[in-house]
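J.: how would this look folded up:
(one chain, ligands or ions: 1)
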Amino acid sequence: MSYRAPWASDPARSKGRLHEEQNGSVRGPRDAFQRDRDRIIHSISFRRLRHKTQVFMAPDGDHFRVRLTHSLEVAQIGRTIARTLALNEDLTEALCLAHDIGHPPFGHAGEDALKAALMPSVEDGGQGGFDHNGHTLRTLVTIERPYPMWNGLNLTWETLEGLAKHNGPVRNPGWALAAADAEFPLALTSFSSLEAQVAAIADDIAYDNHDIDDGLRAGLLTLDQMLAVPLVARGWDDVRRRFPDVAPKRLVGELVRTQIGTMVNDLIAETRQRIAASGVTSVDDVRAAGQCLVGFSPEMREAERDLKRFMYANLYHHPRQLAAADAAHGIVSGLFAVYRDDPATIPEEWRERLPTDDPDRSRHIADFIAGMTDRYAVSRYRELVGPIDLPEGF
Ligand SMILES: Nc1nc2c(ncn2[C@H]2C[C@H](O)[C@@H](COP(=O)(O)OP(=O)(O)OP(=O)(O)O)O2)c(=O)[nH]1
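T.: The predicted structure is shown next:
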């Protein structure tokens, strides 16, 4: 379409889908990337994100982010950036909405437990390890089964490619990514489209900011403590100057809004400059550019790194979070051991497809566990293993 930049992804020029589709009558007016976005929204894995940990495990408070609300905030930020840069909004949105679909229950703690259960080295008898980005591809290509004729959502090459390269070009794909790439080659070593680069950085902008909001809400962070971060201190000065008579606790939302706006504006200005300087004229040029064209200015990159360092030290690794992560690790590894030692405990739908030998058997069990929501994992653990006292922070 004419309002899109020449370096934007174009659905009319998509490299297509793995399986040919002939159901033209139900296709309607949507283009390929709109259909990808809609397939993701209608998938079971997407719905399950509503009960999967972002930072706080199975949170009781209705106002804390979970993977679903995080993904929606990422999509909102991604669409704003894509529209301003005249990129394809639908592809950007599809990538934002799907980027966390491979997360197991309990976020990083659940992932660590599955990593430990599936030893990485296949040569040494391991099962190929576990990684949430690789598992996003595996979920969308193999595990989701809404169609009668093939496994997976049969998404376009551009959507799968963007998800595979969420963290940039991939030199050493893990097991799941290599398997997806073997089925539908995704040119893993080149750079991704600008839409995928936008989705990746929209992810960071969203969680950098909403985790401040949630950390304050949970009482694990204080505003005074946060002012040690230069980016936050600058935002806070700006907010206080604009609203000198408003009580500080009423201004947290304004601080988060201001900071998202500052990061988005910095990103757009820097990206415009990089695109102009690179001389790219097509999406193929973008993939061959040898660098990420979407990015923060050097000053903002440094400021954002400082913020992340602070958040790891003070929120993500807060003693209360570490205790919750320990308990979550125990739940996931406990479930893995039960299902492996006593396959009769696996629900029929998964048991009837259980491979007879390792590593396929362990992988199948990990697929089942990775799809669980936090609350489903807790309830299965209580039923199959025994009572568990969940620490504060669960
Ligand atoms: N509770 C807790 N949360 C964490 C930890 N590490 C990261 N998080 C939270 C912070 C963010 O909200 C979110 C970022 O992790 P993601 O898996 O979404 O992104 P990450 O950059 O780790 O990987 P990705 O970009 O998806 O490849 O998870 C942790 O060790 N504990």
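J.: what's the spacing between the residue of the stretch 101-250 of the chain found nearest the ligand and D100?
T.: Proximity of the stretch 101-250 of the chain to the ligand (CB to the nearest ligand atom) peaks at Y207, 3.6 Å away. Where you see a C-beta, it was placed from the backbone N, CA and C, and this is true even at glycine. Y207 sits 10 Å away from D100, going by CB to CB, to the nearest Å.
J.: those two: which is more packed in?
T.: A direct count of neighbours by other CB atoms under 10 Å for Y207 and D100 places D100 higher, at 23 against 19.
J.: and that one, what does it touch?
T.: Residues in contact with D100, defined by CB atoms under 8 Å, 6 or more residues apart in numbering, are L49, K52, R67, H70, S71, H132, T136.
J.: now swap in V338 and tell me
T.: Contact analysis of V338 by CB under 8 Å, 6+ apart lists T345, L384, V385.
J.: do L91 as well
T.: Contacts of L91 (CB under 8 Å, 6+ apart): S9, P11, F33, D36, R37, E158, T159, G162, S193, E195.
J.: could I get those as TSV with neighbour count?
T.: Output for those, formatted as TSV (neighbours: other CB atoms under 10 Å):
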residue	neighbour count
S9	27
P11	18
F33	25
D36	30
R37	24
E158	28
T159	29
G162	30
S193	26
E195	31
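J.: widest-spaced pair of those residues?
T.: R37 and S193 (14.7 Å; CB to CB).
J.: residues of the stretch 1-150 of the chain that sit close to the ligand?
T.: Taking CB under 6 Å from any ligand atom as the measure of proximity, the stretch 1-150 of the chain contacts the ligand at Q54, V55, D100, G107, H108, N133.
J.: who wins for most neighbours among those residues?
T.: V55 (25 neighbours).
J.: how near is the nearest residue to that one once chain neighbours are set aside to G134?
T.: Distances taken as CB to CB, 6 or more residues apart in numbering put D211 closest to V55, at 5.7 Å, once the chain neighbours are dropped. As judged by CB to CB, D211 and G134 stand 24 Å apart.
J.: what's the answer for A182, then?
T.: Counting by CB to CB - A182 and G134 are separated by 12 Å.
J.: which of these two has more neighbours?
T.: Higher neighbour count among A182 and G134: G134, with 24 against 10, using other CB under 10 Å.
J.: ok, that one - contacts?
T.: With CB under 8 Å, 6+ apart, G134 has these contacts: G102, P173, G174, W175, A176, L177, A180.
J.: centre of the chain to the strand or helix carrying S45, how far?
T.: Applying DSSP states H and E as the criterion places S45 in helix 44-48. In this view, helix 44-48 has its centroid 13 Å away from the chain centroid, taken as CA atoms, centre = their mean, to the nearest Å.
J.: show me what it is packed against.
T.: Under the contact definition 3 or more CB pairs under 8 Å, 6 or more residues apart in numbering; DSSP states H and E, helix 44-48 sits against helix 67-84.
J.: list the buried residues for the helix it packs on?
T.: By neighbour count on 16 or more other CB atoms under 10 Å, the buried set for helix 67-84 is 67-71, 73-75, 77-82.
J.: quick revisit: identify the farthest-apart pair in the contacts of D100.
T.: By the measure CB to CB, H70 and T136 form the most distant pair in the contacts of D100, at 14.0 Å.
J.: helices along the stretch 251-394 of the chain, start to end?
T.: 252-278, 283-287, 298-311, 319-341, 348-351, 360-370, 374-384 (DSSP state H, counting those that start in this stretch).
J.: to which secondary structure element is the closest residue to G253 other than its chain neighbours assigned?
T.: Excluding the flanking residues, the one nearest G253 by CB to CB, 6+ apart is D213, at 7.5 Å. Per DSSP H and E, D213 falls inside helix 194-218.
J.: tilt between that helix and helix 319-341?
T.: 120 degrees (axes from the mean of the first three to the mean of the last three CA atoms, to 10 degrees).
J.: before we move on, the earlier item: the contacts of G134, buried ones only, as a ChimeraX selection?
T.: The ChimeraX selection below is limited to those of those classed as buried (16+ other CB under 10 Å):
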select :102,173,174,175,176,177,180
